[in-house]
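S.K.: Quick one: sequence plus predicted model below, questions after.
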Amino acid sequence: MDFVKVAEEQRIAHIHLDRGRSNAMEQQMIEELQQAIEAVQKNPGLDGLVLHGKPDFFSAGLDLIALYAYNEGEVRQLWYTFLKLIYTLVAFDKPAVAAISGHSPAGGCALAICCDYRIMAEGDYIIGLNEIPVGIIVPESVFQLYSFWLGKANAYRFLLEGKLFNPQDAMKIGLVDEVVGAKSIRTAAVRQIGKYMQYERNAWRESKRQMRRSLIAQFEADHTDTVEALLKRWWSPASRSILKAIIDNLQQGSPR
Amino acid sequence: MDFVKVAEEQRIAHIHLDRGRSNAMEQQMIEELQQAIEAVQKNPGLDGLVLHGKPDFFSAGLDLIALYAYNEGEVRQLWYTFLKLIYTLVAFDKPAVAAISGHSPAGGCALAICCDYRIMAEGDYIIGLNEIPVGIIVPESVFQLYSFWLGKANAYRFLLEGKLFNPQDAMKIGLVDEVVGAKSIRTAAVRQIGKYMQYERNAWRESKRQMRRSLIAQFEADHTDTVEALLKRWWSPASRSILKAIIDNLQQGSPR
Amino acid sequence: MDFVKVAEEQRIAHIHLDRGRSNAMEQQMIEELQQAIEAVQKNPGLDGLVLHGKPDFFSAGLDLIALYAYNEGEVRQLWYTFLKLIYTLVAFDKPAVAAISGHSPAGGCALAICCDYRIMAEGDYIIGLNEIPVGIIVPESVFQLYSFWLGKANAYRFLLEGKLFNPQDAMKIGLVDEVVGAKSIRTAAVRQIGKYMQYERNAWRESKRQMRRSLIAQFEADHTDTVEALLKRWWSPASRSILKAIIDNLQQGSPR
């Protein structure tokens, strides 16, 4: 794998996102991450996973620069693959903890909220679902996932304005569970997995599946209508020009 | 229209409720409001709506004095029309803000919670769903709508006792988003619509529809059973005598 | 009835759990409780119920010592009967208040959260759903019931760790509504029932049924898959040894 690295230690899989400076995700990286998670799910020698980013960035979300250059077929495939990744992580039934080492907007936040527990690094970082300011439609399934943690009212309010949060505010609204110094994230994540692992593992996993049934059903459903609406919006002149402006800004300010 | 006035300004429709002192709603007013909202939905020259009441009253809800005099067919028609109005406002996909200028119990509160954002005037005003004390059944759809903003536990608790809130308490529980002086409501409402309008409008609207899918489905469902149960209760001697007592009180204390 | 005593006073049924020191529930007690609740539901002379425990114990939940000795058919029957009891109390449409006189973990907590209102005695008592530490699967229906009061995020977090709360913390998270001295519980419970009874009873009851529709549907659904998964787990060596350790501990520390 090029963009996802997996290390195993004491029955825990540490999956490290590793693409460029900001872990922005494109087709290959999403596929690799999907395969890595499935492998942990299937491996009886592994009891849980920690999802890691890199210093200052957990993940910047989808790689808009790469996606902007995709043709119609590639963009369609990207969205189906990304929704399948989210489904796989939502349906993952062993303990999963997100070690949010830095910025985690949009798709980065989406990965984090699939996990059972989120630990974020202290610092001037942002997290949240900001699809609307980027001109991307929020699918119902993603709203339900955000609502699971924030409640419907706050999920609705924050999504309508694409609100982003610093670590402390994210903790206040229930978006992250713990804020620690960057150097302590891994230890805190392993400690939390350990808490879950003290219980009878099959009862724990079946309970997790039971409690996520309606979420899993949301992501298992047919996404054709949602993806086609997303694509129609994606290729509209208005959205293209928003994307172009964001990309110009990204390329000027912060070379990857 | 007699009881609903619409003014357009800078691509925003200002819908003013205008019936008597308290904006109590009967058949004609509900139909007019329904038509006004549909017209804003369809008009490509309009980007959002603000729903206004009048000084001291946003809306007192359904006009119990008028309804008390309705015959069986009229009451049945009233309830179907009112549920259709709520459906239309729940499914309205442009930005909608309630400018709650005063009292907003029962049906007045129902209108307000269909909107995306609620601004309430400071003062000795009440807001909340108080159907049960009036002897009216709370339909599941209305519970789900109240729960969307308050969470299920609080919606359940408050509905079971028909609890009403002053503006500050309403803000604490998430029933309103902002409390301002009466003279500042319009400005605050336009400012909030402007916040929403800065985003690509099609992505915003499709996202709003996605996030309201389960609410919309609740109000799209067949209401026959619910309305028949409501009517059975409505015509029962116990409910008639509660209504009579409320009406006597209204007519003595506060002429409309 | 041996383990459930019912007293009627001023149109309110007081149902007293009465089995051993801790009101741990086995097959007969569950059946008796189910019958007692159904009788209150059907009796037009009764307007509500208060569910009482005994000093220091509301109910310790299922009687693990008794269940450990059950054969396969008995355990299967126990689970179906218990889920039917929960269904009956969730679907009970008159006012119901839990007078939580002491400890109320697991199944004791499950009974309490079926009621409309919970009053807990001050003191060093615990309440909460701690199935996972006992090696028992949390069914989706029970998660939805817990979520109704706590919200999904907290219900999920607390269930994954089987967290138990003292009365004050239980009130903070919305698991109980009121904490009073043990001697005042009965008075507080009757007062709360009285608050509900001041409203037109049919409108109140039909509203309660409407607001609980999705909960009722959860418990009305076919539980075969859930019970079979529970049983498979129940009879696994890992769960048997957890149960054995818990039972040894119970029998040494606190004879019933």
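M.R.: Perfect, thanks for sending it.
S.K.: hang on, residue A:176 in a helix?
M.R.: No - Residue A:176 is assigned coil when assessed by DSSP: H, G, I helix; E, B strand; the rest coil, not a helix.
S.K.: That one: neighbouring residues, count only.
M.R.: For residue A:176, the count of nearby residues is 26 (other C-beta atoms under 10 Å in any protein chain shown). Quick note: C-beta positions are derived from backbone N, CA and C, even for glycine.
S.K.: Kindly report the same for residue A:83.
M.R.: By other C-beta under 10 Å, neighbour count at residue A:83 equals 20.
S.K.: where's it, which helix or strand?
M.R.: When secondary structure is defined by DSSP states H and E, residue A:83 falls within helix A:72-91.
S.K.: ditto for residue A:155
M.R.: Using DSSP H and E, the secondary-structure element containing residue A:155 is helix A:152-161.
S.K.: Identify all contacting residues around that helix.
M.R.: The contact list for helix A:152-161 (C-beta atoms under 8 Å, 6 or more residues apart in numbering or on different chains) reads A:128-129, A:131-133, A:138, A:143, A:146-147, A:149-150, A:163, A:173, B:116, B:147-151, B:174, B:177, B:195-196, B:204, B:207-208, B:211.
S.K.: I'd like the distance from that helix to the chain centre, please.
M.R.: Helix A:152-161 has its average C-alpha position 18 Å from the chain's average C-alpha position, going by C-alpha atoms, centre = their mean, to the nearest Å.
S.K.: before we move on, the earlier item: so which of the contacts of helix A:152-161 are in strands?
M.R.: residue A:128 (DSSP state E).
S.K.: and the contacts of helix A:152-161 near chain C, which?
M.R.: With the criterion set as C-beta under 8 Å from any C-beta of the partner chain, the members of the contacts of helix A:152-161 near chain C are A:147, A:149-150, B:151.
S.K.: Now do the phi/psi pair for residue A:105.
M.R.: Reported as degrees, to the nearest 10, the phi and psi values for residue A:105 are phi -80, psi 170.
S.K.: And for residue A:130?
M.R.: phi -120, psi 40.
S.K.: which residue sits closest to it, ignoring its sequence neighbours?
M.R.: Here the nearest residue to residue A:130 in space, its sequence neighbours aside, is residue A:162; by C-beta to C-beta, 6 or more residues apart in numbering or on different chains that works out to 3.6 Å.
S.K.: neighbours of the one you found, just the number please.
M.R.: The burial metric for residue A:162, expressed as a neighbour count using other C-beta under 10 Å, is 20.
S.K.: just checking, it touches residue A:126?
M.R.: No - counting by C-beta atoms under 8 Å, residue A:162 sits too far from residue A:126 to count as a contact (11.1 Å).
S.K.: how about the spatially most central residue of chain A, what does it touch?
M.R.: Centroid check for chain A by C-alpha atoms, centre = their mean gives residue A:111 as the closest residue, at 1.4 Å. Taking C-beta under 8 Å, 6+ apart as the criterion, residue A:111 is in contact with A:51, A:58-59, A:85-86, A:89, A:98, A:104.
S.K.: For stretch A:143-158, the averaged confidence score.
M.R.: On average, the pLDDT along stretch A:143-158 is 98.
S.K.: returning to what we had before: buried subset of the contacts of helix A:152-161 as a PyMOL selection?
M.R.: Only the buried members of the contacts of helix A:152-161 enter the following PyMOL selection, criterion being 16 or more other C-beta atoms under 10 Å in any protein chain shown:
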select buried, (chain A and resi 128+129+131+132+133+138+143+146+147+149+150+163+173) or (chain B and resi 116+147+148+149+150+151+174+177+196+204+207+208+211)
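S.K.: from the contacts of residue A:111, which single one is nearest chain B?
M.R.: The shortest approach to chain B among those belongs to residue A:86, at 15.0 Å (C-beta to the nearest C-beta).
S.K.: returning to that earlier point: want to throw the ones next to chain C among the contacts of helix A:152-161 into TSV with distance to residue B:219?
M.R.: Rendered in TSV, the data for these read as follows (distance: C-beta to C-beta, whole Å):
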residue	distance to residue B:219
A:147	19
A:149	26
A:150	24
B:151	20
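S.K.: Identify the farthest-apart pair in these.
M.R.: Farthest apart among those by C-beta to C-beta are A:149 and B:151. That separation is 13.2 Å.
S.K.: mind checking how far residue A:121 is from residue A:180?
M.R.: From residue A:121 over to residue A:180 the distance is 7 Å, taken as C-beta to C-beta, to the nearest Å.
S.K.: Tell me which residues are up against the lowest-mean-pLDDT helix or strand in chain A.
M.R.: Among the secondary structure pieces of chain A, namely its helices and strands, helix A:237-253 has the lowest mean (mean pLDDT, DSSP states H and E), a mean of 89. Under the criterion C-beta under 8 Å, 6+ apart, residues A:64-65, A:68, A:134-136, A:233, B:200, B:202-203 lie in contact with helix A:237-253.
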